[in-house]
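Peer 1: after the sequence you'll find the predicted model.
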Amino acid sequence: MKKVLLMSFIMFLIVSVFVLPVQARTAFEIRGSDTQVNLTANLAEVFMEMNKDAVISVTGGGSGTGIAAIINNQVSLANSSREISAAELAQAQERGVEPVRIVIALDGLSVIVNEDNPLEELTVDQIGAIFRGEITNWAELGGNDQEISLYGRQSNSGTYVFFREYVVKADYSEDKMRMNGNAQIVEGVLNDKSAIGYVGVGYTAEDGKVRDGLKIVKVAKDADSPYVTPLDPTNVADGSYPVARPLHHYSNGLPEGMVREYIEFVLSEEGQQVAVDSGFYPITEEYREINRKNLAW
């Protein structure tokens, strides 16, 4: 009997030490944009190091997946590399969900080719014509006599939607390969000398240098504008790089509790430095004002 009581006491101690602290911790999930997965994982990691009682799960699946999850009230935050659409907003409101837009970083969406491609620069119109399937050989642009291979995202991707609306401005060519994520596009371009693709700027570099085998194309708004690189933060911040975009979290109503603390960290100087260290750029005063308004801070 004493042995049974002793074992019960030991089990109580084990439960008290190991289980109860876990139960007392605050867990929440962030789901969505593939472009933002690494960025958000880095932000979550630093925040959890600062807040030992926080447990944050970060998963991808695309911006559409994240927005659907916040509409269905399945997650605390959605990652999205595009703004929520009017139809999605209406659907959310029908379900009693009030999506709140929070801009967390800026991305210079990068057009990439294999380093063996001699082309250095393209206009937005030329890139759009390529992805519409109107320009099919690099020789038409002064490059090698090679049929162009198109690498892009699947339709649930916010990057897919953003690039279609702001660059392609029509339907994509049926010849475009639809990849699951940015990393797959990069690998495809690295292994295909005739390839062109588009990825978040944070996926183009390693240790601050453009990945070996990859070339980032300089882009101009039109033939009369300067060709600029997304690797310069100033070009993204002042809008001279024409394919820049904000990256978002969406919450259901105003964030509260640990989620609010996490958002405060993300928008702090330290959180914005994590964005820079992850290969992206800090938000400008324009987006800070949008956040202050949306968060009622």
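Peer 2: In hand now; what should we look at?
Peer 1: look at His248 and give its secondary structure.
Peer 2: Following DSSP: H, G, I helix; E, B strand; the rest coil, His248 is assigned to strand.
Peer 1: which residues does it contact?
Peer 2: His248 makes contact with 78-83, 101-104, according to CB atoms under 8 Å, 6 or more residues apart in numbering. C-beta: built from backbone N, CA, C; applies to glycine.
Peer 1: please export the C-alpha coordinates of stretch 265-282 as PDB.
Peer 2: Below are the C-alpha coordinates for stretch 265-282, written out as PDB (Å, rounded to 0.1, in the frame of the first residue of the first chain):
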ATOM      1  CA  PHE A 265       6.800  42.800 -31.000                       C
ATOM      2  CA  VAL A 266       6.500  42.300 -34.800                       C
ATOM      3  CA  LEU A 267       6.000  46.100 -35.300                       C
ATOM      4  CA  SER A 268       8.700  47.100 -32.900                       C
ATOM      5  CA  GLU A 269      12.200  48.100 -33.900                       C
ATOM      6  CA  GLU A 270      13.500  44.600 -32.800                       C
ATOM      7  CA  GLY A 271      10.700  42.800 -34.800                       C
ATOM      8  CA  GLN A 272      11.400  44.900 -37.900                       C
ATOM      9  CA  GLN A 273      15.100  44.000 -37.600                       C
ATOM     10  CA  VAL A 274      14.100  40.300 -37.700                       C
ATOM     11  CA  ALA A 275      12.300  41.100 -41.000                       C
ATOM     12  CA  VAL A 276      15.500  42.600 -42.400                       C
ATOM     13  CA  ASP A 277      17.600  39.700 -41.100                       C
ATOM     14  CA  SER A 278      15.100  37.400 -42.900                       C
ATOM     15  CA  GLY A 279      15.800  39.100 -46.300                       C
ATOM     16  CA  PHE A 280      12.800  41.400 -46.300                       C
ATOM     17  CA  TYR A 281      12.400  45.200 -45.500                       C
ATOM     18  CA  PRO A 282      10.800  47.200 -42.700                       C
END
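Peer 1: for it, which positions count as buried?
Peer 2: 265-267, 271-272, 274-275, 278-282 (16 or more other CB atoms under 10 Å).
Peer 1: still on that earlier bit, pipe the contacts of His248 into CSV and attach secondary structure and pLDDT per row.
Peer 2: Formatted as CSV, the contacts of His248 follow (DSSP: H, G, I helix; E, B strand; the rest coil; pLDDT from 0 to 100):
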residue, secondary structure, pLDDT
Ala78, strand, 98
Asn79, strand, 97
Ser80, strand, 97
Ser81, coil, 96
Arg82, coil, 96
Glu83, coil, 96
Arg101, strand, 98
Ile102, strand, 98
Val103, strand, 98
Ile104, strand, 98
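Peer 1: now rank the residues you listed by neighbours and give me the top one.
Peer 2: Ranked by the number of neighbours (other CB atoms under 10 Å), those place Asn79 first, at 32 neighbours.
Peer 1: now, which of the buried residues of stretch 265-282 sits nearest Thr136?
Peer 2: Gly279 (31.5 Å; CB to CB).
Peer 1: how close does the closest one sit to Asp125?
Peer 2: 27 Å (CB to CB, to the nearest Å).
Peer 1: kindly report the same for Lys221.
Peer 2: When Lys221 is compared with Asp125 (using CB to CB), they lie 9 Å apart.
Peer 1: could you check which of those two is surrounded by more residues?
Peer 2: Lys221 (17 against 14).
Peer 1: the residue lying closest to that one once chain neighbours are set aside: what secondary structure?
Peer 2: Counting by CB to CB, 6 or more residues apart in numbering, the nearest residue to Lys221 once its immediate chain neighbours are dropped is Pro242, at 4.5 Å. For Pro242, the assignment made with three-state DSSP gives coil.
Peer 1: ok, Pro242 - how many residues close by?
Peer 2: Neighbours of Pro242 (other CB under 10 Å): 20.
Peer 1: look up phi and psi at Ile30.
Peer 2: Dihedral angles phi and psi of Ile30 (degrees, to the nearest 10) take the values phi -120, psi 130.
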